[in-house]
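> Here's my sequence, what's the structure:
(one chain, ligands or ions: 1)
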Amino acid sequence: MNSKLKLLFLFCIIAPFSVKAQSRYSDAEIAFKSDSLIKLMTLQEKVTMIHASSSFTSGGVPRLGIPELVTSDGPHGVRVEHGRGWTVLQNVLDSGTYLPTGVCLASTWNPKLGYAFGSVLGSEANFRGKDVILGPGINIMRSPLNGRNFEYQSEDPFLVSKMVVGYIKGVQDQGISACVKHFAGNNQETLRGSIDVQMSERALREIYLPGFKAAVQEGGVNTLMGSYNKFRGQWATQNNYLINQILKKEWGFKGLVMSDWGAVHSTTQALWNGTDLEMGTDLSLGAHPDYGKFFMGDTVVTLVKEGKIPEYIINEKVRRILYVMYKTNMLGGQKRQKGEYNTQAHQLTAEKVAEEGIVLLKNQDNILPLAANVKSIAVIGYNADRKQAFGGGSSQVKAFYEVTPLQGLKNIAGKKVKITYCKGYNIVRNGGPDQTLIQQAIAAAKKANMVIVVGGWTHGYDYNVWDDNAYDAEGTDKPNMDMPFGQNELIKAVIAANPKTVVVLMGGGPMDITQWVGDAKGIIQAWYPGMEGGNALAKIIFGQVNPSGKLPVSFPKKLADAPAIKLGQYPGDSTTVNYFDDIYVGYRYYDTFNVEPQFAFGHGLSYTTFKYSNLQVSAANKQATVTFTLKNTGAVDGAEVAQLYVKQEKLNLPRPDKELKGFEKVFLKAGEEKTVTITLDQDAFKYFNDVKNEWEMDPGVFDFIVGSSSRDIRLNGKAEL
Ligand code: BGC
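Here you go, the predicted model:
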């Protein structure tokens, strides 16, 4: 980005997005207005509001000026237009901003970018006439194989909690509702529509719920989506414990709970257990479904008339829907913002997130950034030239444009560097090494000064077929953690032909790269970096951008090392999955059980170096303040994510070796230093005691561990609390 564009970008992040589109009414006024409206409604009209009226809308009451609620996927862009059915509409303005996917956003460790990201979504949703964006998706990455990890954020509940708040506020400050999903325990796609998830109360509270709690209590999210799976024997979307007890009662959630699409299974359970809105399209009802046949349709009218369900239960659901409508000025006479579509500012946000989210995993002999004397580069790999936006399932985006890695490299290299390209492998079902393509790649690698292989996973074999999914996709998990399509053979052959090889991995999480990790000098994790991803990647490779992304998920060496598989069950049997891995998810497992990962949680390299010093911990009243000095000791400007982990020395209940409780992304010019201050309140020291069924803090000595990753520890302190 040149300096003018940078200024424009900063202006765009700070200026228009700070124009908030909040309702002028207080919650008490909204409650009064909603009740007045409800009094005017017939039972049939109320019931119309609590179920879908088309593939992405729920019913309105035109007589009273209540509009339909218009929802749209998804987490990283406003989805292609479906109209009222499922057929993708042609010749409509629905090619929009394709942001990097959730895992790339989380890799920035920059909550301000979460806000900017949400602002883009909110603004484009407004432009497209949507009321609710069906994101963020924040399910914990429990298994490396989960097909939707790319949409989600992290294995760590603290990181999720910090990133999700910015995203939600960003969306909602545009006057649009966010919809945090999928609540809860939807950590695999295998059998997602039937599996019964069993976990301890402690795992639920410490690992799987904190992100949702932060979304509600800190983000003020207006809507939430229940998940497809069962939770302790009852469907999550109509789960009394999750929705009524925890979400609404304990956390005080005031907004509406919608089902995942087709996730309601019983009228009475949905009515009693807190589901406010049944969404989905029952395709068995034909091309023009009669939405009255939904579980929360005509049957409800009958049940209320027969006195089997009290009408206040229905009123309460309608009240919550109206609350969201008033909150977002769908009702109340205030003007909605128009929103903007495909602006340069939105594209710059997409690029900025990619620049900060792409992770430099390995940089032996400083192979990166590319030396000035590189005259020729062989770019190899199908993913270098493949567009990814339209894959993955419901999060698919029709991108206004998508700069592929190959295009990005050509854009940034300019005329001085000769770039050749060959595919190296084919994306075909059950495809193995293609010797002809490998020979071509070897020949190209030998001729060039440098090689960049772009491989990894993909969203689908054929993007024209919605459910032709592959490795990072809804509705299906990955078959294993191996690199598909014969890529190991390709990469090994290319490295042998030219050791100056950098491997760029695209995908939603870790792959087994043990066959060549020791031989590749450079490795970059690029995730699915959005419409500007190719430019961002190229800028990192050429040194115009100093990488600052950090892994939000541990990369194990082998699938067998993953705790879900080693300690727990994954994907379970045909009915049930037991999370015996309990609280030992991700680095909580690798560090406690001394299993060395390939790349640790929080890992990510920079082109500069950082020195940590002068740690001070002051503790009083069960709170602590941690300060330290961070200095950029290298020759280029850069950013470091300083991470603070906490560990209690003497334990009453077993606890993980250490847990992330604070972090800060610090931008430092070459030679510059800053004092970093992180304050920890009581919550940082608590654990969930599931014998007593409450959060608890045991007084004692705590370690304060400051690192550049969970395994690159730079400072250690102690304090008694
Ligand atoms: C997905 C949701 C999505 C919904 C609507 C479901 O299959 O699980 O994440 O928002 O479809 O497309």
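> Which one of the residues in the stretch 151-300 of the chain is closest to the ligand?
For the stretch 151-300 of the chain and the ligand, the shortest gap (C-beta to the nearest ligand atom) falls at W261, measuring 3.9 Å. C-beta coordinates here come from the backbone N, C-alpha and C atoms, glycine included.
> Surely that residue forms part of a helix?
No - secondary structure assignment (DSSP: H, G, I helix; E, B strand; the rest coil) places W261 in coil, not in a helix.
> Wait, it touches L277, no?
No - under the contact definition of C-beta atoms under 8 Å, W261 does not touch L277, with a separation of 11.4 Å.
> and the two? which has more neighbours close in?
L277 (27 against 20; other C-beta atoms under 10 Å).
> Now that one: closest residue in space that isn't a chain neighbour?
Here the nearest residue to L277 in space, its sequence neighbours aside, is M258; by C-beta to C-beta, 6 or more residues apart in numbering that works out to 4.2 Å.
> and F593, what does it touch?
Counting by C-beta atoms under 8 Å, 6 or more residues apart in numbering, F593 touches P563, Y584.
> Distance check, it against D581.
10 Å (C-beta to C-beta, to the nearest Å).
> Around the closest residue to the ligand within the stretch 401-550 of the chain, count how many other residues there are.
Taking C-beta to the nearest ligand atom as the measure, the stretch 401-550 of the chain has E474 as its residue closest to the ligand, at 6.0 Å. Taking other C-beta under 10 Å as the criterion, the count of residues near E474 is 23.
> which is the next helix or strand following the helix or strand of the chain with the lowest mean pLDDT?
Considering only helices and strands, the least confidently modelled element of the chain by mean pLDDT, DSSP states H and E is helix 3-14, at a mean of 45. Stepping forward along the backbone from helix 3-14, the first helix or strand reached (DSSP states H and E) is helix 27-40.
> Please work out the average pLDDT along that next one.
Mean pLDDT, taken over the full extent of helix 27-40, equals 97.
> what's the answer for stretch 559-570, then?
The predicted model assigns stretch 559-570 a mean pLDDT of 98.
> Then stretch 666-686?
If you average the pLDDT values across stretch 666-686, you get 98.
> So the residue of the stretch 301-450 of the chain found nearest the ligand, which state does it fall into?
Of all residues in the stretch 301-450 of the chain, the one sitting closest to the ligand is S394 (3.5 Å; C-beta to the nearest ligand atom). Secondary structure state of S394, per three-state DSSP, is coil.
> For F593 and D581, list the residues in contact with both.
The overlap between the contact sets of F593 and D581 (C-beta under 8 Å, 6+ apart) consists of P563.
> thinking again about what came up before, is the residue nearest to L277 in contact with G226, as I believe?
Yes - using C-beta under 8 Å, M258 is in contact with G226, at 7.3 Å.
> what sits in contact with each of those two?
Any residue near both M258 and G226 by C-beta under 8 Å, 6+ apart counts here, and that gives T275.
> Please list the residues of this protein that sit near the ligand.
Neighbours of the ligand within the chain, by C-beta under 6 Å from any ligand atom: D73, G74, L134, K181, D260, W261, S394.
> Most neighbours among those residues, which one?
Neighbour counts for these peak at L134, which has 29 neighbours (criterion: other C-beta under 10 Å).
> Pull the contacting residues for it.
Under the criterion of C-beta under 8 Å, 6+ apart, the neighbours of L134 are T71, S72, D73, G74, P75, C179, K181, M225, S394.
> so the fifth one makes contact with Y98?
Read it as P75. No - when contacts are counted by C-beta under 8 Å, P75 is not listed as touching Y98 (11.4 Å).
> How are the helices of the stretch 451-600 of the chain distributed by residue range?
Across the stretch 451-600 of the chain, reading from the start of the chain, the helices by DSSP state H, counting those that start in this stretch fall at 487-497, 533-541, 563-566, 587-592.
> which other residues reach the third one?
Think helix 563-566. Looking at helix 563-566 with C-beta under 8 Å, 6+ apart, the contacting residues turn out to be 142-143, 559-560, 570, 579, 581, 584-586, 589-590, 593.
> Any chance of those in CSV with distance to E402 as columns?
Listed next are those as CSV, based on distance: C-beta to C-beta, whole Å:
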residue, distance to E402
R142, 30
S143, 29
L559, 30
A560, 36
Y570, 33
Y579, 37
D581, 37
Y584, 38
V585, 33
G586, 30
Y589, 36
Y590, 35
F593, 41
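> Can you pull out the low-pLDDT segments for the stretch 51-200 of the chain?
Judged against pLDDT under 70, the stretch 51-200 of the chain has no low-scoring part.
> and the closest residue to the ligand within it, how far is that from H182?
With C-beta to the nearest ligand atom, the shortest gap between the stretch 51-200 of the chain and the ligand falls at L134, namely 3.8 Å. L134 sits 10 Å away from H182, taking C-beta to C-beta as the criterion.
> Which of the helices of the stretch 451-600 of the chain sits closest to V103?
Shortest distance between V103 and these, using C-beta to C-beta, is found for helix 533-541: 12.8 Å.
> pLDDT (mean, whole number) over the closest one?
The predicted model assigns helix 533-541 a mean pLDDT of 98.
> elements contacting that helix?
The contact analysis (3 or more C-beta pairs under 8 Å, 6 or more residues apart in numbering; DSSP states H and E) places helix 533-541 against helix 344-357, helix 405-413, strand 522-525.
> any idea of the mean pLDDT in the shortest one?
For strand 522-525, the per-residue pLDDT values average out at 99.
> quick one: contacts of that strand?
107, 358-364, 367-368, 501-505, 513, 517, 537, 540-541, 547, 549, 551.
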